[in-house]
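Chemist: Pasting a predicted model and its sequence here:
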Amino acid sequence: MKDDVLLPRPAAAAEPRRYKRWSIARVLIGFVAGFLLLTWNHLSETQSVILSKKGRFEKCSSDTFKATGFPFLETAERPPLEEYILRRNNLAKALIADHVDAFVVEPGYTFSYYANVTQPDWEVWEPEERPFLMVIRPEKLKNGSIIANTTFLVPHFEEVRAKLLKMPFEEEIATVTYEEHWDPYTTLWTSPIWGDRLSPKLMVDEEMRDFIQRGLGSNGFTVVGLFGEVEAVRQTKTEREIGILRAVNTGTVEAIRAMRQCLYHGVTENEVAEVLDNTMRAAGFQPFFDIVEFGKSAALPHGGHDGTAKLEPGDFILIDVGSHLYGYSSDVCRTFYPSFFPEPPPPEFNLTEKLVVWKLVLDAQAASVKAMVPNGTAAAVDIAARDIIEAGGYGKWFTHRLGHSIGIKAHESPYLNKGNFGAILRPGMVFTSEPGVYVLNEFGVRHEDILVVREDGDAENISGGFAISPWEP
Ligand SMILES: *[C@@H]1O[C@H](CO)[C@@H](O)[C@H](O)[C@H]1NC(C)=O
Ligand SMILES: *[C@@H]1O[C@H](CO)[C@@H](O)[C@H](O)[C@H]1NC(C)=O
Ligand SMILES: *[C@@H]1O[C@H](CO)[C@@H](O)[C@H](O)[C@H]1NC(C)=O
Ligand SMILES: *[C@@H]1O[C@H](CO)[C@@H](O)[C@H](O)[C@H]1NC(C)=O
Ligand SMILES: *[C@@H]1O[C@H](CO)[C@@H](O)[C@H](O)[C@H]1NC(C)=O
Ligand SMILES: *[C@@H]1O[C@H](CO)[C@@H](O)[C@H](O)[C@H]1NC(C)=O
């Protein structure tokens, strides 16, 4: 009742006008809400189309790869204890040939090659300032065989931890220990392992830190750097290593081939890299680099653009990618067209020059394989490929070396460049052959495969066979 009194009575004439204004507002609000709703629906629909396109791409790629049944994995096994014993015994023979008393190495790639311990396995957060050294000496047995005898220099308080690494040795590891206030190098020098040698000659690995080399050199030892037969031990792969390299490199090429069949117009370089990485994971590989470049992006051999370019018909796709399996690397490259792009290409794309260059680079690769023979030089292999590209008129666009050795690291010595006449090829050495032509702001082509130098002179491809055409990479 009170309210009735307080509220002013609306004027009769004002009633319809107010009602009219209210209904216009309602209609407007309705429009705006409807518009917002429609826009929202549209946006989320577009988004789900994008998501499912990428999702479908990834599923297609993984399924196609899995459908191969992964036969390439058959040649790979994790290196067993005997493999590490073989490597150290090979090293012992090389030390005799190079006239040095011992090889010294700290946790890192070479240490993992001989005893399965990487730098982070020993010290997760940063390289340790206290030396932990593996010292491998050759020992002549009475029957004439040469075997390795290994000792570890280790801080006393870390001796048990070193043993817990369970390094691949048949017997318990032998240690020389030092206290925190001692000089570790003098401790090593005064240990009985050197017999009556006054200044034992040590060869240190290329990754040995400078302060350790100087510490050894100024406390009784003669120190030399990595060279000769010792360097050749890790360069010359065993059949077990070749088996793993074959598996991971063939599998990486097969993953590219599977992924290629699922590509679509408008996919970005970054999306392709992500899908290819996940595809390789399906075979138990751990991808560690992935360069994906469309069209003119590929004129930069190691990438450099932001990966957002979208795939357009007529673009070459250049992919250079690497994965790990049991600690061994793949490193392969293919340049190709997606399966949706017709062969032969419609004339309006004017791809004649690109197709000529594609073939030229393949011919250069084939020439390098023929030059990859025992007792040949690293330089001759590069030059064989370079001659072909120069004769084709694209010499100035082949801007990098032909290749490098590969193993537990993607890039290992010897390096195949046209100045390296000093490196002589041996059976068991494994190389990339990766000639390329890069026409800045236009396009780039590279083909990269992995080859083993063989006794009989014909290098063997271990990356699943060479590319055949841009439609059969
Ligand atoms: C080498 O180390 C890996 C893991 O770090 C291990 O799985 C493997 O068994 C080791 N190999 C040998 C022969 O001990
Ligand atoms: C020499 O003896 C070792 C250890 O007993 C054995 O492994 C090796 O095969 C022998 N070498 C030769 C040449 O007989
Ligand atoms: C390694 O050398 C040391 C010192 O010369 C010797 O005592 C030891 O028996 C050798 N170890 C093996 C396994 O031959
Ligand atoms: C086709 O490409 C070449 C270079 O590869 C160029 O010289 C030529 O003008 C192009 N032709 C047409 C019709 O665009
Ligand atoms: C390579 O050279 C070595 C020593 O110079 C020789 O023993 C070997 O037969 C040569 N191999 C080939 C395939 O020419
Ligand atoms: C490459 O190697 C594979 C497997 O070893 C072999 O089947 C193929 O014929 C080789 N291709 C060439 C061109 O040598």
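Modeler: Good, I have the coordinates. Numbering: from 1, shown residues only. Ligands and ions are numbered 1, 2, ... in the order given.
Chemist: Quick check: which ranges of the stretch 1-150 of the chain have low pLDDT?
Modeler: When residues are selected by pLDDT under 70, those of the stretch 1-150 of the chain lie in 1-51.
Chemist: got the residues of it near ligand 2?
Modeler: Leu141, Asn143, Gly144, Ser145 (C-beta under 6 Å from any ligand atom). All C-beta spots, glycine's among them, are computed from the backbone N, C-alpha and C.
Chemist: Identify the farthest-apart pair in those.
Modeler: Comparing all pairs in these by C-beta to C-beta, the longest separation belongs to Leu141 and Gly144, at 6.8 Å.
Chemist: For burial, what's the neighbour tally of Asn149?
Modeler: 14 (other C-beta atoms under 10 Å).
Chemist: In a strand, it, correct?
Modeler: Yes: judged by DSSP: H, G, I helix; E, B strand; the rest coil, Asn149 forms part of a strand.
Chemist: Contact partners for it?
Modeler: Taking C-beta atoms under 8 Å, 6 or more residues apart in numbering, we find Asn149 in contact with Ala92, Ile136, Arg137, Pro138, Glu139, Ile193.
Chemist: just His305 next, same as before
Modeler: For His305, the contacting residues are Glu269, Glu293, Ser297, by C-beta under 8 Å, 6+ apart.
Chemist: Format those as JSON lines; extra columns: neighbour count.
Modeler: Compiled in JSON lines, these are given as follows (neighbours: other C-beta atoms under 10 Å):
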{"residue": "Glu269", "neighbour count": "26"}
{"residue": "Glu293", "neighbour count": "29"}
{"residue": "Ser297", "neighbour count": "23"}
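Chemist: Go through the contacts of Asn149 and flag which are in helices.
Modeler: Ala92 (DSSP state H).
Chemist: Write a PyMOL command that selects only the buried members of the contacts of Asn149.
Modeler: In PyMOL syntax, the buried subset of the contacts of Asn149 is picked out as below (16 or more other C-beta atoms under 10 Å):
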select buried, resi 92+136+137+138
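Chemist: Among the contacts of Asn149, find me the one that's closest to ligand 3.
Modeler: Distance to ligand 3 across the contacts of Asn149 (C-beta to the nearest ligand atom) is lowest for Ile193, with 4.8 Å.
Chemist: Which helix or which strand is home to Gly55?
Modeler: Assigned by DSSP states H and E, Gly55 belongs to helix 14-66.
Chemist: Quick check: bridge partners of Phe294?
Modeler: Ile317 (DSSP bridges).
Chemist: list the contacts for it?
Modeler: Applying C-beta under 8 Å, 6+ apart, the residues near Phe294 are Glu269, Ala309, Lys310, Leu311, Glu312, Asp315, Phe316, Ile317, Leu318.
Chemist: Tell me the confidence at the first one?
Modeler: Residue-level confidence at Glu269 comes out at 98, pLDDT.
Chemist: Tell me who's in contact with it.
Modeler: By C-beta under 8 Å, 6+ apart, the contact list for Glu269 reads Val292, Glu293, Phe294, Ser297, His305, Gly307, Thr308, Ala309.
Chemist: Spatially nearest residue to Asn270, not counting backbone neighbours?
Modeler: Closest residue to Asn270 apart from its sequence neighbours, by C-beta to C-beta, 6 or more residues apart in numbering: Gly307 at 3.8 Å.
Chemist: For Val369, see how far away that neighbour is.
Modeler: 32 Å (C-beta to C-beta, to the nearest Å).
Chemist: out of the contacts of Asn149, which one sits closest to Lys201?
Modeler: For those, the nearest to Lys201 is Arg137 (11.0 Å; C-beta to C-beta).
Chemist: So what pairs up with the closest one in the strands?
Modeler: Arg137 forms beta bridges with Asn149, as assigned by DSSP bridges.
Chemist: Quick check: it touching Ile147?
Modeler: No: distance between Arg137 and Ile147: 10.0 Å, which falls outside the contact criterion (C-beta atoms under 8 Å).
Chemist: Mind listing the shared neighbours of those two?
Modeler: Joint contacts of Arg137 and Ile147 (C-beta under 8 Å, 6+ apart) are Ala92.
Chemist: Break down the stretch 251-400 of the chain into its helices, ranges please.
Modeler: 269-281, 352-371, 378-391 (DSSP state H, counting those that start in this stretch).
Chemist: can I get the ones you listed in JSON lines with distance to Cys60?
Modeler: As requested, these are exported to JSON lines (distance: least, C-beta to C-beta, whole Å):
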{"stretch": "helix 269-281", "distance to Cys60": "9"}
{"stretch": "helix 352-371", "distance to Cys60": "25"}
{"stretch": "helix 378-391", "distance to Cys60": "35"}
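Chemist: between the ones you listed, which gets nearest to ligand 2?
Modeler: Per C-beta to the nearest ligand atom, nearest to ligand 2 of the helices of the stretch 251-400 of the chain: helix 378-391, 33.7 Å.
Chemist: Can you list the buried residues in the closest one?
Modeler: Those buried within helix 378-391 under the rule 16+ other C-beta under 10 Å are Ala378, Ala379, Ala380, Val381, Asp382, Ile383, Ala384, Ala385, Arg386, Asp387, Ile388, Ile389.
Chemist: Kind regards, and thank you for your time.
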